[in-house]
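S.K.: how would this look folded up:
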Amino acid sequence: MLDLPRLERLKLTRYPFSQRFYGRLLQVNYEALPGVDLSLENAELIPKNPVIFAMNHTDRYNYFPFQYTLWRSFNRFTATWVKGKYYENALLAMFMEGMLQLPTVSRGYLITKDFQAVMGRTPTDQEYATLRTAVDERAVGGEGRLPDPPEISEMLLRKARNPFGVAFDPAAPGGADYADYVCSLFRQMMARFVALNREATDIGLDLLVFPQGTRSTRLLPAHLGIAQMALHLRLPIVPIGCNGSDRVYPGASPFAKQGKIVYRAGAAITYEELAPFHIREAYAPFSAEAERDHAGAFRGVAEIVTERINPLLDAEYQREKVVKADPNAMRSADRFV
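M.R.: Reported below is the predicted structural model:
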């Protein structure tokens, strides 16, 4: 399970050996067995200094050919945002750590994984929704009243534990309750995530982000995370349209089938261009307070990112005119399992 100590020991290097080593394996796959035609159009639009690449996410591996192309053509390397749940398998976590995959968490993820660690099962939709409501309210300074047993197990609310590298002991003098524990854990883990992003760009790495968050053949609206990081680090965002990767990587196998993948770069969205959304006061990216106080600015940047990616896509990958929200998206823990 992803925890704070793992985040703290992640090491970043300017020319990561793992990416170069795996790149040699991909070279055989792409250039010979069975062969993949790769192209990056409009590469001259990419600034020479570190950027945030914002790309649509059609399949499991559509970042592999992009990273390979950046390495072979420009000797550039990336640190890529991934979901924290992909760090739960020990071998996969070692691979991702070596490949500079930066894991993100959410309060929902922490609620779910802590519940599993204590109770040995996944929370029901009702349990998850109840806990999430209390934690989200507490995160912005509200009362966030916790339910009484038996609505939520007393063991979950009272048991001392340390599954994420942050101790929870509500019986200790001045000990935090469950909601404050989850909020504190989230703040510490995401503060480290932000620091890793800054460190990555400081040493010359690019950031690679899938702003839509989940895989989809059609482009989905960007989430707010990329906006928070771009405004905080004042980095340009380069939109990238990925076309054809879903046919080269149709399933779970990381071995590419023969085909053609076309990446198209758009003009960089500079920090200066985002002047209407600049936030003058200091803020903590990904904090509930920042998302409450600056939601309009973050949404504005996210919408621009989506709009800039869309014309870089072939028609079959472009955004649907009407996107229906999932009414159960915030009430279930299933997406964290």
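S.K.: Have a look at this structure and report its longest helix.
M.R.: helix 178-202 (DSSP state H).
S.K.: So for the very next helix or strand once past that one, mean pLDDT?
M.R.: Downstream of helix 178-202, the next assigned helix or strand under DSSP states H and E is strand 206-209. In this model, strand 206-209 has a mean pLDDT of 98.
S.K.: Can you classify Gly241 by secondary structure?
M.R.: strand (DSSP: H, G, I helix; E, B strand; the rest coil).
S.K.: ok, the closest residue to it other than its chain neighbours - contacts?
M.R.: Nearest residue to Gly241 in three dimensions, chain neighbours excluded: Leu312, at 2.7 Å (Cβ to Cβ, 6 or more residues apart in numbering). C-beta coordinates here come from the backbone N, C-alpha and C atoms, glycine included. Listed by Cβ atoms under 8 Å, 6 or more residues apart in numbering, the contact set of Leu312 reads 239-241, 264-266.
S.K.: one more time with 10 Å
M.R.: Residues counted as contacts of Leu312 (Cβ atoms under 10 Å, 6 or more residues apart in numbering) are 41-42, 55-56, 219, 239-243, 262-266, 318.
S.K.: Then Pro103?
M.R.: By Cβ under 10 Å, 6+ apart, the contact set of Pro103 is 2, 6-7, 10, 81-88, 93, 96-97, 109, 189, 193, 196.
S.K.: part of a strand, is it?
M.R.: Yes: under three-state DSSP, Pro103 sits within a strand.
S.K.: How much space separates it from Phe193?
M.R.: Going from Pro103 to Phe193 by Cβ to Cβ, to the nearest Å gives 7 Å.
S.K.: And the pLDDT at Val322?
M.R.: 68.
S.K.: repeat for Arg331
M.R.: Looking at Arg331, its pLDDT is 64.
S.K.: cool, Asp326 as well?
M.R.: The model reports Asp326 with a pLDDT of 55.
S.K.: go on, the one 10 residues further on?
M.R.: At Phe336, the model reports a pLDDT of 76.
S.K.: That one: what's it in contact with?
M.R.: Per Cβ under 10 Å, 6+ apart, neighbours of Phe336: 83-85, 88, 105-106, 108-113, 115-116, 122-123, 128.
S.K.: Asn49 too?
M.R.: Asn49 is in contact with 201, 204, 206, 235-236, counting by Cβ under 10 Å, 6+ apart.
S.K.: what helices or strands is the lowest-mean-pLDDT helix or strand in the chain leaning on?
M.R.: The weakest-scoring helix or strand in the chain, judged by mean pLDDT, DSSP states H and E, is helix 90-98 (a mean of 92). With contacts taken as 3 or more Cβ pairs under 10 Å, 6 or more residues apart in numbering; DSSP states H and E, helix 90-98 sits against helix 4-9, helix 17-31, strand 101-104.
S.K.: Tell me which residues are up against it.
M.R.: 1-2, 6, 9-11, 16-19, 21-22, 80, 82, 86-87, 89, 101-103.
S.K.: Can you say which of the residues you listed are buried?
M.R.: Neighbour-count burial (16 or more other Cβ atoms under 10 Å) is assigned, among these, to 2, 6, 10, 16, 18-19, 22, 80, 82, 87, 101-103.
S.K.: Include distance to Ala288 and pLDDT when you put these into a markdown table, please.
M.R.: Listed next are these as a markdown table, based on distance: Cβ to Cβ, whole Å; pLDDT from 0 to 100:
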| residue | distance to Ala288 | pLDDT |
| --- | --- | --- |
| Leu2 | 20 | 92 |
| Arg6 | 24 | 94 |
| Leu10 | 24 | 95 |
| Pro16 | 33 | 97 |
| Ser18 | 35 | 95 |
| Gln19 | 34 | 96 |
| Tyr22 | 37 | 96 |
| Thr80 | 25 | 98 |
| Val82 | 22 | 96 |
| Tyr87 | 23 | 93 |
| Gln101 | 25 | 97 |
| Leu102 | 21 | 98 |
| Pro103 | 20 | 97 |
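S.K.: Looking at the residues you listed, which one is closest to Arg161?
M.R.: Closest to Arg161 out of the buried ones among the contacts of helix 90-98 is Leu2 (15.9 Å), distances taken as Cβ to Cβ.
S.K.: That closest one against Gly84, yeah?
M.R.: Yes: between Leu2 and Gly84 there is a contact at 4.3 Å, judged by Cβ atoms under 10 Å.
S.K.: where do the contact lists of the two overlap?
M.R.: Residues touching both Leu2 and Gly84 (Cβ under 10 Å, 6+ apart) are 103-105, 109-110, 113, 189.
S.K.: now these as a markdown table including distance to Phe298?
M.R.: Formatted as a markdown table, these follow (distance: Cβ to Cβ, whole Å):
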| residue | distance to Phe298 |
| --- | --- |
| Pro103 | 21 |
| Thr104 | 15 |
| Val105 | 18 |
| Tyr109 | 20 |
| Leu110 | 21 |
| Lys113 | 26 |
| Met189 | 20 |
